[in-house]
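Undergrad: Coordinates for the following, if possible.
(chains A, B, C and D)
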There are 2 protein chains.
Amino acid sequence: MAIGATENTLGSHITETLRNAIVCGEIKPGTKLSEPKLAKEYSISRGPLREAIRRLESMKLVKYVPRGGVRVTTLELPQVIEIYHIREALEGKAAALAARNITDEGVDKLKHLLDLAQKHMATSGGAYLQADVDIDFHYQVIQSSGNQMLIHTLCEELYYLIRMYRYQAALQPSRSHNAFKEHQHLVLALEQRDEELAELIMRKHIVRARENIEKQLKS
Amino acid sequence: MAIGATENTLGSHITETLRNAIVCGEIKPGTKLSEPKLAKEYSISRGPLREAIRRLESMKLVKYVPRGGVRVTTLELPQVIEIYHIREALEGKAAALAARNITDEGVDKLKHLLDLAQKHMATSGGAYLQADVDIDFHYQVIQSSGNQMLIHTLCEELYYLIRMYRYQAALQPSRSHNAFKEHQHLVLALEQRDEELAELIMRKHIVRARENIEKQLKS
DNA sequence: GCTGGGCTATTTGTCGACAGAATGAGTCCT
DNA sequence: AGGACTCATTCTGTCGACAAATAGCCCAGC
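TA: I've put the predicted structure just below:
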């Protein structure tokens, strides 16, 4: 599932460790990352640690203040909305490109994910969105676009933020059933290789997710 | 014009220096960046240099191979096309958001840029696209979207690549007149606060730019 | 009691050095 | 003559240390 291959270097290893810790909320938003402390904690020197921090910075997981250290990004509602606008644009385009480039095997894989999701919903009472199967589905669509730079931008730069938000907000599964149906529709459009329809469906899907978040956080 | 404020640290200074050198082609695509050489050349140590390289990596200006150093990104046609697909999605969305959020002063500024462009075209015989005024225009639209994350993604991560491509390919001004008219149409749509139209115009504008590149590089 | 200044302690920014890995040259064997 | 092996050089990855800057704290003065 994880994308980044292990590079057998302390720098990338500590990047993954910190990334997971931040995404899962083990390091709380707003926390200041102290270099000496982290270096001691993980028994490494500050060199690789600083490189890891720069990479987290490019994932927007931490915010850097010159001579002020870095703080774990706090996701406020306006920022989450900003992210969803970007997702709408990028994943919409990804869906369109996927409709153009997806293989029959790719379609099968998506159908398989839908099956998994259905079984999961039946057993755990509708918690579709909370399970990773939702993210897996989006990943698979993005991968099918074939656009390497788009894949990188979404999966390596944006999705960690989205994951972090999910851990942080623990989305209610109220939209599960609708989201599942929207995924079904998307697979149909991809199967027919209908670029415009696939883009429309994906965009609407994400717009609804955003509206759901806005509604949920107003209360 | 430049976005990143000086941070008074060697790391960020060398980042800007290298970024400009790469974008302008002073360091040729495919070149391997040797850390000891660069460190000597700029009279700094390898610490700040490595941080700068990590940042260039997040701008996709260099490609990193573990234990193999970094090489300046070589922009081949498929990658340029990938970038333009992303631009189409992101700048289209930026135009839509700009239509929603732009102020009257923002519209005036865009009109002013159009005036400048017209004068420039009259004197230098139609070289609209080659001048920075084209990039300025797109920057201004993006800024008007008000979406900070979108602004960062486009201006700090993607546009350096686009600039690099421009220096590298030296685009012919054949599309100048059309591009100018498309910009005019966009300003009209923004002035009317028509989100859907603004998005459509921007997307078409970038699709045409991409098609122009594909056509040009086929010959 | 509250504010301002100076001192201390931690932290960031930067440097030089060492070890293991990769690259390339030169040589030896077939 | 061609290929493989060995050795040397260079480079990356990592570390520990020093200096400037920041932040926190204590004390004095109003």
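Undergrad: And A:Gln192, how far from DNA strand C?
TA: According to CB to the nearest atom of the strand, to the nearest Å, A:Gln192 stands 46 Å off from DNA strand C. Any C-beta I mention is one placed from the backbone N, CA and C, and that applies to glycine too.
Undergrad: pLDDT score assigned to that residue?
TA: Reported pLDDT at A:Gln192 in the predicted model: 97.
Undergrad: Check A:Ile3 too.
TA: pLDDT, A:Ile3: 35.
Undergrad: just A:Arg50 next, same as before
TA: 96.
Undergrad: Look at it and give its secondary structure.
TA: Recorded secondary structure, A:Arg50: helix (DSSP: H, G, I helix; E, B strand; the rest coil).
Undergrad: So what are the structural domains in chain A, by residue number?
TA: A:3-72, A:77-218 (automatic domain parsing).
Undergrad: Which of these has the highest mean neighbour count?
TA: domain A:77-218 (a mean of 18; mean count of other CB atoms under 10 Å in any protein chain shown).
Undergrad: is that domain anywhere near chain B?
TA: Yes: for domain A:77-218, a contact with chain B is found by CB under 8 Å from any CB of the partner chain, at A:79, A:82-83, A:85-86, A:88-90, A:92-93, A:97, A:147-150, A:153, A:157.
Undergrad: Which single residue of chain A ends up nearest chain B?
TA: At 3.3 Å from chain B, A:Ser58 is the closest residue in chain A, using CB to the nearest CB.
Undergrad: which parts of chain A sit against DNA strand C?
TA: By the rule CB under 7 Å from any atom of the strand, the part of chain A lying against DNA strand C is A:32-37, A:46-47, A:50, A:66-69.
Undergrad: tell me the contacts of the residue positioned nearest the centre of chain A?
TA: In chain A, the residue lying closest to the centroid (CA atoms, centre = their mean) is A:Tyr159, at 2.4 Å. Going by CB atoms under 8 Å, 6 or more residues apart in numbering or on different chains, A:Tyr159 touches A:Ile135, A:Tyr139.
Undergrad: if I look at it, how far off is DNA strand C?
TA: Distance from A:Tyr159 to DNA strand C, by CB to the nearest atom of the strand: 27 Å.
Undergrad: got it, and A:Asp194?
TA: Taken as CB to the nearest atom of the strand, the span from A:Asp194 to DNA strand C is 45 Å.
Undergrad: from the residues of chain A next to DNA strand C, which ones fall inside helices?
TA: A:Glu35, A:Pro36, A:Lys37, A:Arg46, A:Gly47, A:Arg50 (DSSP state H).
Undergrad: which ones are touching the fourth one?
TA: Read that as A:Arg46. Here A:Arg46 is in contact with A:Glu35, A:Pro36, A:Ala39 (CB under 8 Å, 6+ apart).
Undergrad: The last one now?
TA: By CB under 8 Å, 6+ apart, the residues touching A:Arg50 are A:Glu35, B:Gly47, B:Glu51.
Undergrad: The second one and A:Ser45 touch, don't they?
TA: No: judged on CB atoms under 8 Å, B:Gly47 makes no contact with A:Ser45 at a distance of 11.1 Å.
Undergrad: Put together JSON lines for the contacts of A:Arg46, with pLDDT on each row.
TA: JSON lines is the format used below for those (pLDDT from 0 to 100):
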{"residue": "A:Glu35", "pLDDT": "95"}
{"residue": "A:Pro36", "pLDDT": "95"}
{"residue": "A:Ala39", "pLDDT": "95"}
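Undergrad: Among the residues you listed, which ones lie close to DNA strand D?
TA: Counting by CB under 7 Å from any atom of the strand, nothing from those sits close to DNA strand D.
Undergrad: from those, which is closest to B:Val62?
TA: Lowest distance from B:Val62 to the contacts of A:Arg46 (CB to CB) belongs to A:Glu35, with 24.6 Å.
Undergrad: so that closest one touches A:Leu49, yeah?
TA: Yes: counting by CB under 8 Å, A:Glu35 touches A:Leu49, with 5.9 Å between them.
Undergrad: Contacts only, for the closest residue to A:His185 other than its chain neighbours.
TA: Excluding the flanking residues, the one nearest A:His185 by CB to CB, 6 or more residues apart in numbering or on different chains is A:Ile201, at 5.2 Å. By CB under 8 Å, 6+ apart, A:Ile201 lies in contact with A:Ala95, A:Glu182, A:His185, A:Leu186, A:Ala189.
Undergrad: which among those residues gets closest to B:Thr17?
TA: A:Ala95 (40.0 Å).
Undergrad: Phi first, then psi, for that closest one.
TA: When read as degrees, to the nearest 10, the backbone of A:Ala95 gives phi -60, psi -40.
Undergrad: And it, what's its pLDDT?
TA: For A:Ala95, pLDDT reads 98.
Undergrad: For A:Glu157, see how far away it is.
TA: Counting by CB to CB, to the nearest Å, the gap between A:Ala95 and A:Glu157 amounts to 19 Å.
Undergrad: and if you look at A:Ala198?
TA: Counting by CB to CB, the gap from A:Ala198 to A:Glu157 is 23 Å.
Undergrad: mind listing what the residue in chain A that DNA strand D sits nearest to touches?
TA: Nearest to DNA strand D in chain A, going by CB to the nearest atom of the strand, is A:Leu10, at a distance of 3.0 Å. By CB under 8 Å, 6+ apart, the contact list for A:Leu10 reads A:Ile44, A:Pro48.
Undergrad: Give me the local confidence score for it.
TA: 92.
Undergrad: between the contacts of A:Arg46, which is closest to A:Leu217?
TA: Distances from A:Leu217 to the contacts of A:Arg46, taken by CB to CB, are shortest for A:Glu35, at 33.8 Å.
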